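Q: please work out how this folds:
(one chain, ligands or ions: 1)
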Amino acid sequence: MPFCLDGTRSVPTLSAEGDGVSEFARPGQNGEVVAVCGAGAAGMAAALAAARAGSEVCLIEAAAHVGGTVAHVLIHTIGGLFDSGGDFLNGGLAQELAELLAKSDPNVRRRRIGRTWVLSAAPEAYQAVAERLLAAEPRLTTFTSARVCAVEKSGGRLTGLQIAGPAGSFHLQTRSVVDATGTGAIARLLDNELIQDESRRAAGGFIFRLCGVAPEALAWPKGSALARALHEAVLNEALPPLCSQAWVDVGVRNDEAYVKLAVPLPDDWSDRDSEITKEAVNAQAAIVAFLQRLPGFAEARLCRTGKLGVRDGGRVSGEYCLTVDDVRQCRRFDDVACRCSWPIEYWDPQRGLTLEYLPDGQAYDIPLRALKVKGFANLWVAGKCLAADRLAQASARVAGCCWSMGEAAGRAAAR
Ligand SMILES: Cc1cc2nc3c(=O)[nH]c(=O)nc-3n(C[C@H](O)[C@H](O)[C@H](O)COP(=O)(O)OP(=O)(O)OC[C@H]3O[C@@H](n4cnc5c(N)ncnc54)[C@H](O)[C@@H]3O)c2cc1C
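A: Residues are numbered from 1 along each chain as shown. From the prediction side, this is the model:
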């Protein structure tokens, strides 16, 4: 079983034979499964929720490992789990994840950043906990290094998926599908018109972790002085322009720092990943050398580099489009899927970060209709490619909120 992440209890019949196409056969309702595409925050939650609701579920992930942006881009501050008072906003799988993370690693802690609360956790710990959660579900089979490459539809339903991996391809007959690819990849395969691509796409990001940083090197006011020093170095051309929005943050362990660079993304970013990454790696080398000359960083060394991160890879057209007005007015909906109170955190590709907070104690609803792809009875969406406008997505896309959206979409897909 070349693409199967083992640990699931029942073994699927999967082989690449003959014409390289095989049928995934497993007892489900009429041989059909709930297919969840993408094993990031939203997809993992959707798959868990659908399996716990009693469906046979296939989780399909293009990368070699599950975890998505949080695990591979290196996110160490999970937002969207807590309200402004630091209490859980949604409960459910998001809370379960946070509690398991806290049990798995003594360094995991709730942390205040500005007016928000985040869970500070190592991406590695997150990935390990997520893998354990997935492996514990007997109705869930996870395929890694497996990309959905074609879709079949009939009368407003998505009836099948074609999945390609290193050893061939196979076919899934689908009862319902959750597009949790972060880019609306499944909706795109159906019809490009279902995607809202953004000319003012939020900047992407490139994150790396330094170890050997002196504890307290970033304590206030040293952190602000460092941000100023970086800014001045860019103005003086001692650092490349890509470092102009650099943010250096305390890590999960006290000898670590995480550095985030903002990386503007051209329209054809998906074809130019390696070229954009190369430029970011050059900026990384320059900033590490610069930091090593500052107090507290003399012994600092690069210990992990994340993949290029995409904040907004395109959003689908849904039965409802969540708007920035809904967010600002903390609107409630009858078909609430989950709640979110994260600020509108928009990374303008030219001007940098703007943050617009919701009033303390307030949150808005994400309606289930914003997780339902327009015109398809059995196609759901969850995570950062939900149906939302640019600024609403800049709030709703945080990882904790993606877990809660995924849970709601997974339950709906299982019904
Ligand atoms: C630079 C950066 C910094 C961020 N900082 C924070 C932060 O500090 N705190 C926070 O909470 N959030 C942060 N976020 C946002 C947050 O991490 C993401 O919005 C969220 O994790 C997205 O989850 P998702 O499940 O929607 O998508 P993803 O995690 O991107 O998962 C999508 C998955 O789908 C897979 N996939 C794509 N196409 C296919 C296909 N055709 N077939 C199969 N699989 C496919 C991908 O490989 C991927 O694993 C940040 C994002 C970025 C980019």
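Q: alpha carbons only for contacts and neighbour counts from here, please
A: Fine.
Q: how about the residues of this protein near the ligand?
A: 37-43, 60-63, 68-70, 75, 77-79, 147-148, 180-182, 185, 204-206, 309-311, 383-384, 397-400, 402 (C-alpha under 6 Å from any ligand atom).
Q: can you tell me which of those residues are in helices?
A: Applying DSSP state H to these, the entries found in helices are 41-43, 68-69, 185, 399-400, 402.
Q: which of those sit farthest apart?
A: 185 and 400 (21.5 Å; C-alpha to C-alpha).
Q: comparing these two, which shows the higher neighbour count?
A: residue 400 (30 against 24; other C-alpha atoms under 10 Å).
Q: and that one, what does it touch?
A: 41, 78-81, 94 (C-alpha atoms under 8 Å, 6 or more residues apart in numbering).
Q: keep only those of these that are in strands.
A: residue 78 (DSSP state E).
Q: possible to save the contacts of residue 400 as a markdown table with neighbour count and pLDDT?
A: Below are the contacts of residue 400 laid out as a markdown table (neighbours: other C-alpha atoms under 10 Å; pLDDT from 0 to 100):
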| residue | neighbour count | pLDDT |
| --- | --- | --- |
| 41 | 31 | 98 |
| 78 | 23 | 98 |
| 79 | 25 | 98 |
| 80 | 30 | 98 |
| 81 | 31 | 98 |
| 94 | 25 | 98 |
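Q: which residue packs closest to residue 108, ignoring adjacent ones?
A: residue 121 (4.8 Å; C-alpha to C-alpha, 6 or more residues apart in numbering).
Q: tell me who's in contact with that neighbour.
A: Here residue 121 is in contact with 76-78, 101, 107-109, 252 (criterion: C-alpha under 8 Å, 6+ apart).
Q: helix or strand, whichever it is, which one in this structure has the lowest mean pLDDT?
A: Least confident helix or strand of the chain, by mean pLDDT, DSSP states H and E, is strand 21-23 with a mean of 39.
Q: ok, the residue positioned nearest the centre of the chain - contacts?
A: For the chain, the residue whose C-alpha lies nearest the mean C-alpha position (C-alpha atoms, centre = their mean) is residue 69; its distance is 4.3 Å. Residue 69 sits next to 40-41, 75, 309 when contact means C-alpha under 8 Å, 6+ apart.
Q: quick one: the strands in the stretch 251-400 of the chain?
A: Here the stretch 251-400 of the chain has its strands, by DSSP state E, counting those that start in this stretch, at 256-263, 301-305, 315-316, 336-340, 344-348, 352-356, 364-367, 379-381.
Q: can you name every helix or strand that the third one contacts?
A: Read it as strand 315-316. strand 195-196 (3 or more C-alpha pairs under 8 Å, 6 or more residues apart in numbering; DSSP states H and E).
Q: what residues does the strand it packs on touch?
A: By C-alpha under 8 Å, 6+ apart, strand 195-196 touches 184, 187-188, 314-317.
Q: and of these, the nearest to the ligand?
A: residue 184 (7.8 Å; C-alpha to the nearest ligand atom).
Q: now the closest one. Its backbone dihedrals?
A: With angles defined as degrees, to the nearest 10, residue 184 sits at phi 70, psi 30.
Q: residues touching it, list them.
A: So residue 184 contacts 195, 313-316, 381, 385 (C-alpha under 8 Å, 6+ apart).
Q: pull out the buried members of these.
A: Among the contacts of residue 184, those classed as buried by 16 or more other C-alpha atoms under 10 Å are 195, 313-316, 381, 385.
Q: many thanks, I have nothing further to ask.
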